[in-house]
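Colleague: predicted structure and sequence below. I'll ask about it afterward.
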Amino acid sequence: MRGHVNVKKEKIRYRPVSVREILLEMKNLSELMIDLAYSAALFGDRDLAEDVIELEERIDTLAYLLNMEVMLAARDIEDAKILSGVAKVASAADKISDAAGDIANIVLQGIGVHPVIADIFERVEEKLARIRVPEGSPIIGMKISSFDSASMGIDIIAIRRGGDWIINPRDEESIKSGDIIIVRGVQEGINEFMEKVGERIRRGEEEIIRKIVWEDRFRDVIDRFVELKDMSELMIDLAYSALMLDNRELAEEVHRLEEYVDRLHTEFELLVLSSKFVESEAKGILGLIRLGVAAEKISDAAAEIAEIILRDIDPHPVLRMAVESAEETIIYVQVSPDSIIVNKTLREARIPEETGMWILAIKRGDKIIRPKPDTRIEANDIIIAAGYSQGKEDLIKLVSPKQEK
């Protein structure tokens, strides 16, 4: 979707439409909205928050259209059972977009989030950065496709130009002076992109002082929310992966993670409420609590997707087509004993930087491991990764050279 989104509540009129196209747009938009909503909260940007709300309206409309298609397509009980999975995925995507809308409303309702949010986003696995293109920047006039974002491990999710946002810009979009670009990805890739833009990488003295002041008061709050955010988004990736592969084990892992996230969320709320905040921080504290609620809603939506597999509902072929055709692909690859990443930590292996793929999970025997930077890779581990399709072959070459041959 491109340009300043302007979606109004409208009467829903039926028209023949591809179920696959609706599902694909709902999946891509709902996942994009999470990043945009967190960006709006992190940067306190009302315009971006408003666009998130408008995207939420778009997904609501798509959900209505999809439900009409499902009702018209069911001819008997067996059809209804299979198509219920399609409806379930649509409902989950709608709930993810609602959670993103809740985050955006923190900004629009003037609540805001506590400034500690900046420290939280320094610690999450995928960072968000807002980068202004200065006059005379060497990237002015360059198309997004020319940046080789996958090799840097980043994704340009939005561009602010004047008073409008270009959401999920296309590859042929050219960069202009004064653009404000929102980038998601690994820190090294963001730094590399900033250098291309011509923006100096620095950490201000004010930020260092802020971190010293807040470190003791909010250390546990920060740690809990980082895990809450990362786990809820991991669950979405694993749930879609379980659906695409009809994999009950992954679906069960998603449900185990849902219980874990529920506990995390409770701990997070208790920590926020028991933090020694002053009256002037009350709104920001409320904003943090609402961020936690939104993260839990995202995890609940992931559990709904996984439930399709756990209830032994055969995934409709259109579901697999939608996941496989999405902008990001999911891959399973086993680590060969001769791979150069064996016995390296994920930090040392630098897989996102080398391939543009993010590690979702590591399957080791009967156990699924939630990856951390210091997780050590072992021979015969099965790496579950997500990213753009062009990085798939690079990952196979790195992780399993024999398979690549």
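Modeller: Arrived safely, thanks for sending. Keep in mind that this is a model prediction, so the values were computed, not measured. Numbering: from 1, shown residues only.
Colleague: would you check that I190 makes contact with R130?
Modeller: No. Look at I190 against R130 with CB atoms under 8 Å: they stay out of range, at 10.4 Å. All C-beta spots, glycine's among them, are computed from the backbone N, C-alpha and C.
Colleague: please enumerate the shared neighbours of those two.
Modeller: Contact criterion CB atoms under 8 Å, 6 or more residues apart in numbering; residues shared by I190 and R130: V183.
Colleague: more neighbours: the two, which one.
Modeller: Each of I190 and R130 has its neighbours counted (other CB atoms under 10 Å); I190 has more, 21 against 15.
Colleague: so, low pLDDT: which residues of the chain?
Modeller: Residues of the chain meeting the criterion pLDDT under 70: 1-17, 125, 200-216, 315-316, 320-328, 403-405.
Colleague: ranges for the strands of it?
Modeller: 127-132, 154-161, 164-167, 180-185, 328-334, 357-364, 367-369, 382-388 (DSSP state E).
Colleague: just put these in TSV and tack on distance to S84.
Modeller: Output for these, formatted as TSV (distance: least, CB to CB, whole Å):
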stretch	distance to S84
strand 127-132	36
strand 154-161	32
strand 164-167	31
strand 180-185	33
strand 328-334	23
strand 357-364	26
strand 367-369	27
strand 382-388	26
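Colleague: out of those, which is closest to G292?
Modeller: Closest to G292 of these is strand 127-132 (CB to CB; 17.9 Å).
Colleague: quick one, the closest one and strand 180-185 angle?
Modeller: Relative orientation of strand 127-132 and strand 180-185, computed by axes from the mean of the first three to the mean of the last three CA atoms, to 10 degrees: 160 degrees.
Colleague: return the list of strands paired to strand 127-132, each annotated with direction.
Modeller: strand 180-185 (antiparallel) (DSSP bridges).
Colleague: give me the distance from the strand it pairs with to the chain's centre.
Modeller: Here the centre of strand 180-185 is set off from its chain's centre by 13 Å, with CA atoms, centre = their mean, to the nearest Å.
Colleague: check stretch 162-175 too.
Modeller: In terms of CA atoms, centre = their mean, the gap separating the centre of stretch 162-175 from the centre of its chain is 19 Å.
Colleague: export that stretch to CSV, keeping only CA atoms.
Modeller: C-alpha atoms of stretch 162-175 as CSV (Å, rounded to 0.1, in the frame of the first residue of the first chain):
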residue,chain,number,x,y,z
GLY,A,162,6.3,16.3,3.5
GLY,A,163,3.0,15.8,5.3
ASP,A,164,2.4,12.3,3.9
TRP,A,165,3.6,8.8,4.7
ILE,A,166,4.6,6.2,2.0
ILE,A,167,3.7,3.0,3.7
ASN,A,168,5.6,-0.2,2.7
PRO,A,169,7.3,1.7,-0.3
ARG,A,170,7.8,-0.2,-3.5
ASP,A,171,11.2,-1.1,-4.9
GLU,A,172,11.0,1.6,-7.6
GLU,A,173,10.4,4.4,-5.1
SER,A,174,13.2,7.0,-5.3
ILE,A,175,14.6,8.7,-2.2
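Colleague: buried stuff in that stretch?
Modeller: For stretch 162-175, the neighbour count (16 or more other CB atoms under 10 Å) marks W165, I166, I167, N168, P169, E173, I175 as buried.
Colleague: any chance of those in CSV, with distance to R311 too?
Modeller: As requested, the buried residues of stretch 162-175 are exported to CSV (distance: CB to CB, whole Å):
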residue, distance to R311
W165, 39
I166, 40
I167, 35
N168, 33
P169, 39
E173, 42
I175, 47
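Colleague: quick check, nearest of those to K367?
Modeller: Set against K367, the nearest of the buried residues of stretch 162-175 by CB to CB is N168 (35.8 Å).
Colleague: for that closest one, give me phi and psi.
Modeller: Phi and psi for N168, reported as degrees, to the nearest 10, are phi 50, psi 60.
Colleague: from D51, how far out is it?
Modeller: Going from N168 to D51 by CB to CB, to the nearest Å gives 11 Å.
Colleague: do V116 as well
Modeller: Distance of V116 to D51, computed by CB to CB: 25 Å.
Colleague: which one of these two has more residues nearby?
Modeller: Just comparing V116 and D51: by other CB under 10 Å the higher neighbour count belongs to D51, 28 against 22.
Colleague: which residues of the stretch 1-150 of the chain fall in helices?
Modeller: Under the criterion DSSP state H, counting those that start in this stretch, the stretch 1-150 of the chain contains helices at 19-43, 46-73, 77-108, 117-123, 149-152.
Colleague: and these as TSV, adding distance to I359?
Modeller: Conversion of those to TSV gives the following (distance: least, CB to CB, whole Å):
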stretch	distance to I359
helix 19-43	17
helix 46-73	28
helix 77-108	22
helix 117-123	17
helix 149-152	15
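Colleague: most packed of those helices?
Modeller: Stretch with highest mean neighbour count among the helices of the stretch 1-150 of the chain: helix 19-43 (a mean of 23; mean count of other CB atoms under 10 Å).
Colleague: now do the end-to-end distance for stretch 166-181.
Modeller: The straight-line separation of the ends of stretch 166-181 (CA to CA, to the nearest Å) is 9 Å.
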